[in-house]
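> No sequence on hand, only this structure:
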């Protein structure tokens, strides 16, 4: 391994000195680790296209887990079960929906070995009647709470898990049968300490105001300030962006619009639902200065800007799911093949002002390159509406 590569890798991952010996052996680790090498996707020319992080001493062992999953390529259950089975102390899971029994069994195994497991579900997926998998979690005795969005309306729309306070899983995919076998979804795994700590704070913020499952009339604690990134450090074309941002009313729309306003060449959008006026205006400004803007939306999604798209040189295509009842459920954007925006956040006023949501901004090429390739693959097979 070259000296330059080693220095860059140490800088990127902020690995402590005690792990240098492990880093020197990275070349011996399977290149499929973190799934950044795929035979069907061209990768950017970067020494970091293989993302093989080394866990900090005493931390969570994420070696061999995928950096990302696209559900038409591979199932989400195996990685989730592996991640759960490796937890030692704490597992915090916030899910809009849950239907994968093998993940439930993994959580029960975790609890049986002393892991503190906490789960938050969307209120409307528990009341008036929970699905059998969610009910199984509640009946198991796993500590479970439910919540809606802001002011008792909207949804708890997050889909993420924090493993031992050190490792994060997020993306568009619920732990559901639709994600597993019917819809186009994505899932990303993140080991950046600052981001994981932010998500852990967000989970605690939701947990404090959520109600115990089985007691929907229990008093709810009034929410305090929404957690924010204390040190935004994503620098993109002169714009300073947060590493992560949350809803409701955390400023996600404004941050996305700021990123679009910094675009120089191309904005590629894969979005299940798009009704946000501020973001649409930013896309129009981008197209007006010559940026290539491509929108790929779910076939049946509401989209009130069709006439504006036609008049502003914005390319629109529609995409259905993998099967008849599936969805194009992604919510990610790649800008200038340099910046990835990803999470649970649909581009809507509801996501901005009412729902609990989560979003990540990253310029790390081991994510950006594969997500750009995924967009291109799906966009090629999408159709232009009449």
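Good, I have the coordinates. Every value quoted in this text rests on a predicted model; they were computed, and no experiment measured them.

> ok, which stretches of the stretch 251-386 of the chain are strands?
For the stretch 251-386 of the chain, the strands defined by DSSP state E, counting those that start in this stretch occupy 266-271, 292-298, 315-319, 331-335, 339-343, 357-362.

> Near residue 235, how many residues? Count them for me, please.
Neighbourhood size, residue 235 [other C-beta atoms under 10 Å]: 12. (C-beta placed from N, C-alpha, C; glycine too.)

> Which pLDDT value goes with it?
Looking at residue 235, its pLDDT stands at 98.

> how about it, what does it touch?
Shown in contact with residue 235 (C-beta atoms under 8 Å, 6 or more residues apart in numbering): 241, 363.

> same thing but at 6 Å, please
Listed by C-beta atoms under 6 Å, 6 or more residues apart in numbering, residue 235 has no contact partners.

> Give the helix, strand or coil label for it.
strand (DSSP: H, G, I helix; E, B strand; the rest coil).

> Bridge partners for it, pull those for me.
In this entry, residue 235 is beta-bridged to residue 240, by DSSP bridges.

> about what we covered before: can I get the strands of the stretch 251-386 of the chain in a markdown table with distance to residue 211 and mean pLDDT?
As requested, these are arranged in a markdown table below (distance: least, C-beta to C-beta, whole Å; pLDDT from 0 to 100):
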| stretch | distance to residue 211 | mean pLDDT |
| --- | --- | --- |
| strand 266-271 | 31 | 98 |
| strand 292-298 | 32 | 98 |
| strand 315-319 | 37 | 98 |
| strand 331-335 | 27 | 98 |
| strand 339-343 | 25 | 98 |
| strand 357-362 | 20 | 98 |
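
> Quick one: the strands in the stretch 51-200 of the chain, in order.
Using DSSP E, counting those that start in this stretch, strands in the stretch 51-200 of the chain cover 68-70, 90-95, 116-122, 143-147, 159-163, 167-171, 186-190.

> What is the fourth one packed up against?
Just to be clear, that refers to strand 143-147. Packing partners of strand 143-147 (3 or more C-beta pairs under 6 Å, 6 or more residues apart in numbering; DSSP states H and E): strand 116-122.

> Any chance you could list what contacts the strand it packs on?
90-94, 96, 107, 110-111, 134, 142-146, 155-156, 206, 210.

> Kindly recompute the last result at 7 Å.
89-96, 107, 110-111, 134, 137, 142-147, 155-157, 206-207, 210 (C-beta atoms under 7 Å, 6 or more residues apart in numbering).

> Would you mind checking those residues for buried ones?
By neighbour count, with 16 or more other C-beta atoms under 10 Å, the contacts of strand 116-122 hold 90-96, 107, 110-111, 134, 137, 142, 144-147, 155-157, 206-207, 210 as buried.

> for the stretch 1-150 of the chain, what spans make up the helices?
Using DSSP state H, counting those that start in this stretch, the helices assigned to the stretch 1-150 of the chain run over residues 3-13, 20-23, 77-85, 101-112, 132-140.

> Between these, which has the poorest mean confidence score?
Among the helices of the stretch 1-150 of the chain, helix 20-23 carries the lowest mean pLDDT, at a mean of 31.

> Check the protein and tell me which residue is nearest its centre.
Per C-alpha atoms, centre = their mean, the C-alpha nearest to the average position across the chain is that of residue 171, at 2.3 Å.

> is that one in a bridge, and if so with what?
Taking DSSP bridges as the rule, residue 171 bridges to residue 187.

> Next one: it relative to residue 143, how far apart?
Applying C-beta to C-beta, to the nearest Å, the value for residue 171 to residue 143 is 24 Å.

> Serialize the strands of the stretch 51-200 of the chain to TSV and add fields for mean pLDDT and distance to residue 248.
Listed next are these as TSV, based on pLDDT from 0 to 100; distance: least, C-beta to C-beta, whole Å:
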stretch	mean pLDDT	distance to residue 248
strand 68-70	98	27
strand 90-95	98	14
strand 116-122	98	14
strand 143-147	97	12
strand 159-163	98	16
strand 167-171	97	17
strand 186-190	97	22
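
> For those, give me TSV that also has distance to residue 314.
TSV is the format used below for the strands of the stretch 51-200 of the chain (distance: least, C-beta to C-beta, whole Å):
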stretch	distance to residue 314
strand 68-70	25
strand 90-95	33
strand 116-122	33
strand 143-147	36
strand 159-163	28
strand 167-171	25
strand 186-190	23
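
> do you know which of those strands lies nearest residue 377?
strand 68-70 (8.6 Å; C-beta to C-beta).

> what sits against the residue nearest to the centre of the chain?
By C-beta under 7 Å, 6+ apart, the neighbours of residue 171 are 159, 186, 187, 188, 342.
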